[in-house]
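Colleague: Can you look at this prediction? I've put the sequence above it.
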Amino acid sequence: MTALAWLLIAAPAAAGLAGLLVRRRALAVALAFAGPAVALACAAAVSFANPRTAVILADFGTVRVWAALDLSPGACAVALATAVVSFLVQLYSSAYLRGDPRYAPFAAQVNLFCAAMLLVVAADDLVFLLIGWEVMGACSYLLIAHYAKLPQAPGAAAKAFLVTRFGDVAFVLGVMLLGVSAGTFRIGELGEAPAAGAAMLLILFGCIGKSAQFPLQIWLPPAMAGPTPVSALIHAATMVAAGAYVLTRLLPVWPPDLLLVVAVVAAVTMVGAGLCALAARDVKGVLAWSTVSQVGFMFAAVAVAAGDAALFHLVAHAAFKGLLFLTAGVVIALAGTDGSLASTRLRPGDSRLAFWAMTIGLAAMAGLPPLGGFYSKEAVLSAAYEAGTPAGVVVFWAGVGASILTAAYAARLWLLVFWRGAGPARRPAVPRAESFSLWALTIATVAVGALYYSGPFEVPSLHPDLMALLLLATLGGFAVIADSWWRDRPGRRTDEQVTDRDPARVLGRARGPLAEGLYAERLAAKATRGVAAAASAAATALDVRLVDGTAVEGSARATLAAAEETAAGHRGGLVRYLRLSAAGTLVVAVVAIGVSMWN
């Protein structure tokens, strides 16, 4: 089992490195499938044994760095979700990118991405975990920038890389501070570290960046410029979920008083991103903002020290969000549009697979029973309700509000895509590889709810009152959208300003700012330019006033003055020299006599 634990990470890593060297498409496809397939088999096998293993990487005397793995039941569940989604993304990509000349490096990068996430999941040493953490960042840049000729792709990739690197600086500092303070980097041995508070706040900031939580959420919506399979991979079970996963692993180290900080981050993100999703103007934009909001639920579970509830929602989210993104790619291709909600429309009969896959995925995300999303959200809200802490109160009511918004933007997306009439008459068939991926994730989305009863997660029991509240919140969100849709039905609205039946009109004047993410991207760009301008002005002032002014010109003036004094001294004549020599001798003698008397 120890060998299988290492093979879990090594197989996709080796397939990815080998894939970077091949050019033949058939071999690239074989490697693309082999890596995650072997990882999936290994994850399933080690789930029965939960192995632990460690080998020393470096010894610094008082502190050692270990190549250590710890595949607990929760880690195995996340590893299974990662491997399943990665395999289905590779299968989907083989059809989605069938004419792409850069398919081979793309598939290799996906495998490396998968290996990096599996390393983060399994690592039991913080320094060892950092390797996977950083490799994910590099792979995300390459994958988002895959369509190099797409104008917005390079900028979106650079933004994702820089924003997450900004958070990663704090993450690395937090890891170093925590490890040195505790005397070990082994996650299972950290215990109570003297500097745990400061270290965990730094690590939290890094996790906020990786998981696109407030205030570092600005990189995720633009990342939709990458291919649809990349969106599914990043959003479902890898990079965006990594921050929440790491926080669950470090829950024993968290000072309880500081969990309120996590609660505030989660509450603002859940509600704010939900409003942005309700106002988003394109299919993938709705799904991107929904990811930010749903990961907020995972952070909410961390805020009430309910690690298993966070992991359960992570696994459920991996299933329905992977399904939604892959289905979005099919819907956009069938509609022949750029994904804008103003133009993307299908009739349910145009593709029954796409219709039912999207319907089930949105229902799971909204929290309708018996789908997995209902049980995972109920677990998070129950944990918050039972916590009895200020953090619990904050995330509970924010979670209820976010559930209303989730139902609202899910219903809006479903109505705008499938119930506004037909698009183009001619529609190509969905390739078999894409169809298989949709079927598999649809089944997973339906079945993952069973983990509530017999899975590896220790979550609160079903609470009838909370179940009723969650259902009422979901139905309330549906009701708001249904009412807006009914009021704008053909023949009822006559004002000339109404150009389409978009239920987001209920947001009123806030719709524009919310669609732009409350202008967070503009504010970040303005702040960046301001900081750059200030730094440039400071550097210029330093160069002009200090270097050119005080340092260069001042030293030149001082040198000239000294030279003039020296020259004047040499023009004094013999009598002046004798006077100076006698005075100097007298001073030296007085000092010498004084020192000898003192001693």
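Modeller: Arrived safely.
Colleague: Which stretches in the stretch 351-500 of the chain count as helices?
Modeller: Ranges of helices in the stretch 351-500 of the chain, per DSSP state H, counting those that start in this stretch, are 352-366, 372-387, 390-418, 432-447, 451-454, 464-487.
Colleague: Would you map the strands across this protein?
Modeller: 52-59, 64-70 (DSSP state E).
Colleague: buried stuff in the last one?
Modeller: I take that to be strand 64-70. 64-70 (16 or more other C-beta atoms under 10 Å). For the C-beta atoms, the positions are set from N, CA and C on the backbone; glycine is no exception.
Colleague: ok, the residue sitting nearest the centre point of the chain to residue 266 distance?
Modeller: A centroid search over the chain (C-alpha atoms, centre = their mean) returns residue 211, at 2.5 Å, as the residue closest to the centre. To residue 266, residue 211 is 10 Å away according to C-beta to C-beta, to the nearest Å.
Colleague: Need the overlap of contacts for the two.
Modeller: residue 299 (C-beta atoms under 8 Å, 6 or more residues apart in numbering).
Colleague: coming back round to it: ok, the residue nearest to the centre of the chain touching residue 299?
Modeller: Yes. At 7.4 Å, residue 211 and residue 299 qualify as touching, with contact defined as C-beta atoms under 8 Å.
Colleague: which neighbours do these two share?
Modeller: In contact with both residue 211 and residue 299: residue 244, using C-beta under 8 Å, 6+ apart.
Colleague: worst average pLDDT in the strands of the chain?
Modeller: Per-stretch mean pLDDT for those is lowest at strand 52-59 (a mean of 85).
Colleague: Contacts for that strand, please.
Modeller: Counting by C-beta under 8 Å, 6+ apart, 2, 5-6, 64-71, 124-125, 127-128, 186 sit against strand 52-59.
Colleague: just stretch 441-457 next, same as before
Modeller: With contact meaning C-beta under 8 Å, 6+ apart, stretch 441-457 is reached by 47, 73-74, 76-77, 84-85, 88, 308-309, 311-312, 315-316, 319-320, 322-323, 326, 356-357, 360-361, 364, 369-376, 379, 459, 462.
Colleague: Report how many residues lie close to the residue nearest to residue 414 when sequence neighbours are not counted.
Modeller: Nearest-residue entry for residue 414: residue 362, 5.4 Å, with adjacent residues in sequence omitted and distances by C-beta to C-beta, 6 or more residues apart in numbering. Residue 362 sits with 27 neighbouring residues when counted by other C-beta atoms under 10 Å.
Colleague: Could you do residue 472 as well?
Modeller: 14.
Colleague: before we move on, the earlier item: right, and the residue nearest to residue 414 touches residue 413 too?
Modeller: Yes. Using C-beta under 8 Å, residue 362 is in contact with residue 413, at 6.5 Å.
Colleague: about what we covered before: quick one: residues contacting the residue nearest to the centre of the chain.
Modeller: 240-244, 295, 298-299.
Colleague: so which two of these are the farthest from each other?
Modeller: 242 and 299 (12.5 Å; C-beta to C-beta).
Colleague: Which one's more surrounded, the two?
Modeller: When residue 242 and residue 299 are compared for neighbours, residue 299 comes out ahead with 29 against 26, by other C-beta under 10 Å.
Colleague: and residue 16, what is it in contact with?
Modeller: 31, 35, 108-115 are the contacts of residue 16 under C-beta under 8 Å, 6+ apart.
Colleague: switch to 6 Å and redo it
Modeller: Applying C-beta atoms under 6 Å, 6 or more residues apart in numbering to residue 16 gives the contacts 108, 111-112.
Colleague: which residues of the stretch 351-500 of the chain score low on pLDDT?
Modeller: Along the stretch 351-500 of the chain, segments meeting pLDDT under 70 span 421-428, 490-500.
Colleague: how about a cut-off of 80?
Modeller: Across the stretch 351-500 of the chain, the ranges flagged by pLDDT under 80 are 420-429, 455, 487-500.
Colleague: do the same with the chain
Modeller: Scanning the chain for pLDDT under 80 picks out 60-63, 148-149, 191-193, 237, 420-429, 455, 487-501, 505, 509, 517-599.
Colleague: quick check: domain ranges of this protein?
Modeller: 255-492+500-511, 521-598 (automatic domain parsing).
Colleague: and the helix ranked longest in the chain, what other elements does it pack with?
Modeller: Using DSSP state H to assign secondary structure, the helix with the most residues in the chain is helix 152-182. The helices and strands touching helix 152-182, judged by 3 or more C-beta pairs under 6 Å, 6 or more residues apart in numbering; DSSP states H and E, are helix 126-144, helix 196-210.
Colleague: could you dump the buried residues of strand 64-70 to CSV with distance to residue 388?
Modeller: As requested, the buried residues of strand 64-70 are exported to CSV (distance: C-beta to C-beta, whole Å):
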residue, distance to residue 388
64, 40
65, 39
66, 37
67, 41
68, 35
69, 36
70, 31
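Colleague: Identify, from those residues, the entry nearest to residue 333.
Modeller: Using C-beta to C-beta, residue 69 is the member of the buried residues of strand 64-70 that lies nearest residue 333, at 40.0 Å.
Colleague: any idea how far residue 219 is from residue 16?
Modeller: Plainly put, residue 16 is 23 Å away from residue 219 if you go by C-beta to C-beta.
Colleague: Count the residues that sit near residue 7.
Modeller: 17.
Colleague: Please name the nearest non-neighbouring residue to it.
Modeller: residue 42 (5.1 Å).
Colleague: which residues touch the one you found?
Modeller: 4, 7-8.
Colleague: How about residue 127?
Modeller: 65, 185.
Colleague: In contact with residue 179, which residues?
Modeller: Residue 179 touches 126, 185, counting by C-beta under 6 Å, 6+ apart.
Colleague: re earlier: out of the contacts of stretch 441-457, which end up buried?
Modeller: Using 16+ other C-beta under 10 Å as the burial test, the contacts of stretch 441-457 include 47, 74, 76-77, 84-85, 88, 308-309, 311-312, 315-316, 319-320, 322-323, 326, 357, 360-361, 364, 369, 371-376, 379, 459 as buried.
Colleague: Between helix 196-210 and the longest helix of the chain, find me the angle.
Modeller: Counting by axes from the mean of the first three to the mean of the last three C-alpha atoms, to 10 degrees, helix 152-182 lies at 170 degrees to helix 196-210.
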